[in-house]
Structures are given as C-alpha cells and as structure tokens.
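In: For reference, the sequence and a predicted model appear below.
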Amino acid sequence: AASTYIIQNDCVVNEWYSGCHDNTVDSRRVDAESKFNIASVRKTYLGFVVSLALYEGRIKNLDDCVTDYLDDLDEIVLKDTTIRHLLTHTHGLQGSDTLIKRAFPPGTDWKYNNTGVNLLITLVQKVFGQTLALILQERLFLPYGFTESGWQKEKSEKLVWLNENYKENQGNDANLFVSTRELAYWGYIHLTKGKINGMQFVPIYFRTSQFYCYTFKP
C-alpha cells in the first residue's frame, strides 16, 4: 500500500494511490478514502495539543516540572523532569505508567520511547479536562473539516489494518488512522501557520515554533 498527496500554494498538484489494504485475494484497493495507521506521526498531533495548552496558559512553561501537573507520580523518580524533557525524549524514563524507572538523569542523554509520550497524553488530558481524541476533534478536526482522521479500535473497510488489538479510541493508544489527503493538509497547516483556503482557525500568534515534532534526536 502506498500513496502520495502533494499541495503547493493551496492547490493539489499530485495525488496517487497504489496497492491493496492487505494480501488477501479480495483486498480493497488503496484509494482516496483509505486511512492508514500513522504510528509515531501521531506525536505531532500531541505536540499541537501541548502547544495549544501553552498558548492558552493551561501549561505555564515547558520547563515546568511534570509533577507540577501530575501529582500521582513518584516524585523521587520524576524529580527535575520537565515537560520539555518529555517532548524531546531527554527525560531518561522507561517503563509503564504504573512502574516507571529512571535510566539516566533528565537532560543528560537521549532515548526514544513512549514513556514520556504517555505522560504527555495524561498531562494534556488533565489540563484540558478532556481526552486527547476529543481535544483534537474539537480544536483541529472539526474546524478544518477533517472527517478522515481519528482513533479507531475496530477494523473496518476503509482502514489499512495492522492486525493489532487496541483497548480504546480516546487517544491513549497508537491507533490514529488518517487518510493521505488529511495527513498532507495536517502538514500544510504548519506550513501556512494555520491558514488554509482563507480559514484561520489556529490563532495567528500561535507560533509554529511550538509545534513539536520530536520523533528525531535533537
């Protein structure tokens, strides 16, 4: 399964689809309505919500300690760990939410894992009082008319399914499915600082430097 969708100056200059959803004989062909599990790209959507929380004052500073916002964590293990450390994978934490351990002091090294990501999801859901999926639905997907982006826990015809099991569809799992065109427009929103086809839903002073794409080592 493969696809491309290229936008330039508000115009779609290339749209291409190839392959099938799976290797069965009657598999659906990939088309404009196919939705892919975008895996770690979902972290850019989480970064958007963190930025929005910062813009609205729900988070005061990225250098605030995580324990300032989440008071049910082990303060000894999380000592001196900031939101920025979580965003940049320099937190030095590993393990699940119920058993988090420290691999190295915060800010002294880098290691990519989902421990910090899961803590960020919990943090933004607490400061907004909503699930991550609902925040994005209200603040991003609905305003921009995105109808092909969202967390899915059940297999359906239009999903390029990975044969994985998911507990829920509220934003905590890595099961965010997005169509090729809406993923392209998600990137284009960053390029145009939130303005597409004359629509400005993201605040104009919402600096794009706050949109964290932290898949790569800083």
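Out: Ah, there it is.
In: residue ranges for the helices of the chain, please.
Out: For the chain, the helices defined by DSSP state H cover 42-55, 83-88, 115-128, 132-136, 180-191.
In: can I get these in JSON lines with mean neighbour count?
Out: (Glycine included, C-beta is placed from N, CA and C.) Formatted as JSON lines, the helices of the chain follow (neighbours: other Cβ atoms under 10 Å):
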{"stretch": "helix 42-55", "mean neighbour count": "21"}
{"stretch": "helix 83-88", "mean neighbour count": "22"}
{"stretch": "helix 115-128", "mean neighbour count": "20"}
{"stretch": "helix 132-136", "mean neighbour count": "20"}
{"stretch": "helix 180-191", "mean neighbour count": "18"}
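In: Of all those, which one comes closest to residue 22?
Out: With Cβ to Cβ, the closest approach to residue 22 among the helices of the chain belongs to helix 180-191: 17.2 Å.
In: follow-up on the earlier one: which one of the helices of the chain lies nearest to residue 32?
Out: Closest to residue 32 of those is helix 180-191 (Cβ to Cβ; 6.5 Å).
In: Not counting its own residues, what contacts the closest one?
Out: Contacts of helix 180-191 with the rest of the structure, by Cβ atoms under 8 Å, 6 or more residues apart in numbering, involve 3-7, 12, 15, 17, 32, 34, 36, 38, 41, 44-45, 144, 146, 148-149, 178, 196, 202, 208, 211.
In: how much distance is there from that helix to the middle of the chain?
Out: 13 Å (Cα atoms, centre = their mean, to the nearest Å).
In: With stretch 80-97 instead?
Out: 16 Å.
In: Over it, what's the mean pLDDT, rounded is fine.
Out: Averaging pLDDT along stretch 80-97 gives 94.
In: swap in stretch 191-202?
Out: So the average pLDDT for stretch 191-202 ends up being 80.
In: Which positions within that stretch qualify as buried?
Out: Going by neighbour count (16 or more other Cβ atoms under 10 Å), the buried part of stretch 191-202 is 192, 194, 196, 202.
In: just checking, which of the residues you listed belong to strands?
Out: Here DSSP state E is the test, and these give residue 196 as lying in strands.
In: Let me know the closest of the buried residues of stretch 191-202 to residue 26.
Out: For the buried residues of stretch 191-202, the nearest to residue 26 is residue 196 (37.0 Å; Cβ to Cβ).
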